[in-house]
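**Student:** this one's structure only:
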């Protein structure tokens with residue numbers, strides 16, 4: 001509704017509130033646990049039992065990976081003044097499963113098959129995304145989309161469009177003043193990005209572009225951008241979808257891009273630990289001007 005109402009301040013506030021919500025829940029949960037455990041709050045035997053029981057509770061969660069990260073956040077918050085390292089007996093240092101055994105009961109994306117005439121496909125797409133605001137000129141936008149897609153397909157030596165599969169996520173991605181419809185095109189069994197940024201101007205909603213190249217799509221999901229607001233059910237399914245069109249991005253970065261910042265850090269840490277276990281990389285002081293209060297280190301590869 002905020003996009004349709006051009007409530008840009010409301011979108012900014014929602015993004016801030018989402019970032020604060022996680023910290024608030026970690027703080028509230030930590031306080032309740034401290035009150036309940038009292039003097040046993042730093043008893044490692046108790047925490048091993050807590051972790052085991054927590055694991056049993058979340059074992060069949062379709063968002064078990066996110067639940068593990070939340071547990072770790074609470075544990076670290078309670079023990080923030082201690083010197084406990086990454087202890088597998090006390091925390092979920094490693095993932096407890098692939099998580100890919102969990103799938104939504106319904107597909108998270110719509111599926112379309114292109115025909116010789118591309119216009120009916122775009123007509124169908126926009127009939128499925130109901131905005132509570134009119135388009136400025138939808139026919140003009142669809143003409144632009146069909147022309148742009150057609151020319152790009154021909155540039156890939158695709159002369160016959162019939163049967164090409166297009167999958168588009170049902171959830172719209174919102175950020176700042178834009179809304180993004182995100183999908184992928186399968187050409188010769190290879191996924192290509194398909195992203196339509198929408199803006200809401202004085203005369204209504206309009207399609208700003210059609211992004212079909214990896215570099216263009218990658219830039220809008222980069223670390224130096226604010227997070228998207230999007231409604232997802234099973235998070236890893238959405239991240240896997242995004243990874244299929246941005247395979248050089250890390251999964252941690254993609255979790256970050258849709259607002260799961262803490263879990264993005266969890267994934268990054270686990271990937272980094274695996275990398276160090278497989279290589280002989282050593283940390284060295286990073287080149288550049290030394291800082292006043294810290295020393296920057298890195299590895300030769302990462």
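**Tutor:** Cool, the structure landed. All values derive from a computational prediction rather than experimental measurement.
**Student:** now residue 116: phi and psi?
**Tutor:** Geometry field for residue 116 lists phi and psi as phi -60, psi -40, criterion degrees, to the nearest 10.
**Student:** quick check: it touching residue 159?
**Tutor:** No - shown here, residue 116 and residue 159 do not form a contact pair, counting by CB atoms under 8 Å, at 10.4 Å. C-beta: built from backbone N, CA, C; applies to glycine.
**Student:** name the residues contacting each of those two.
**Tutor:** In terms of CB atoms under 8 Å, 6 or more residues apart in numbering, residue 116 and residue 159 are not both contacted by any residue.
**Student:** mind listing the helices for the stretch 51-200 of the chain?
**Tutor:** Remark: helices assigned in the stretch 51-200 of the chain by DSSP state H, counting those that start in this stretch are 64-78, 119-128, 138-155.
**Student:** mind putting these into JSON lines with mean pLDDT and distance to residue 108?
**Tutor:** Rendered in JSON lines, the data for these read as follows (pLDDT from 0 to 100; distance: least, CB to CB, whole Å):
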{"stretch": "helix 64-78", "mean pLDDT": "94", "distance to residue 108": "16"}
{"stretch": "helix 119-128", "mean pLDDT": "95", "distance to residue 108": "13"}
{"stretch": "helix 138-155", "mean pLDDT": "94", "distance to residue 108": "22"}
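**Student:** list the contacts of stretch 253-269.
**Tutor:** 18-19, 22, 65-66, 68-70, 72-73, 173, 221-223, 225, 227-230, 232, 235, 238-239, 242-243, 246, 250-252.
**Student:** could the helices of the stretch 51-200 of the chain be laid out in TSV, adding mean neighbour count and distance to residue 212?
**Tutor:** Formatted as TSV, the entries for the helices of the stretch 51-200 of the chain read as follows, by neighbours: other CB atoms under 10 Å; distance: least, CB to CB, whole Å:
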stretch	mean neighbour count	distance to residue 212
helix 64-78	20	31
helix 119-128	14	14
helix 138-155	15	5
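**Student:** for these, give me TSV that also has distance to residue 41.
**Tutor:** As requested, these are arranged in TSV below (distance: least, CB to CB, whole Å):
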stretch	distance to residue 41
helix 64-78	7
helix 119-128	51
helix 138-155	58
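**Student:** any idea of the angle the longest strand anywhere in the chain forms with helix 138-155?
**Tutor:** The strand spanning the most residues in the chain, taking DSSP state E as the definition, is strand 190-201. With axes from the mean of the first three to the mean of the last three CA atoms, to 10 degrees as the criterion, the two stretches strand 190-201 and helix 138-155 enclose an angle of 150 degrees.
**Student:** so how far is strand 190-201 off the chain centroid?
**Tutor:** Shown here is strand 190-201, whose average C-alpha point lies 16 Å from the average C-alpha point of the whole chain (CA atoms, centre = their mean, to the nearest Å).
**Student:** that strand packs against which elements?
**Tutor:** For strand 190-201, the helices and strands in contact under the criterion 3 or more CB pairs under 8 Å, 6 or more residues apart in numbering; DSSP states H and E are strand 178-187, strand 204-207, helix 214-220, helix 235-245.
**Student:** in CSV, list these along with mean pLDDT and mean neighbour count.
**Tutor:** Rendered in CSV, the data for the helices and strands packed on strand 190-201 read as follows (pLDDT from 0 to 100; neighbours: other CB atoms under 10 Å):
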stretch, mean pLDDT, mean neighbour count
strand 178-187, 95, 21
strand 204-207, 96, 18
helix 214-220, 92, 15
helix 235-245, 94, 21
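**Student:** can these go into TSV with extra columns for distance to residue 272?
**Tutor:** As requested, those are exported to TSV (distance: least, CB to CB, whole Å):
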stretch	distance to residue 272
strand 178-187	27
strand 204-207	39
helix 214-220	21
helix 235-245	18
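**Student:** between those, which gets nearest to residue 59?
**Tutor:** Residue 59 sits nearest to helix 235-245 of all those, at 15.8 Å, using CB to CB.
**Student:** ok, residue 11 - contacts?
**Tutor:** Each residue near residue 11 by CB under 8 Å, 6+ apart is listed here: 2, 3, 174, 175, 176, 177, 229.
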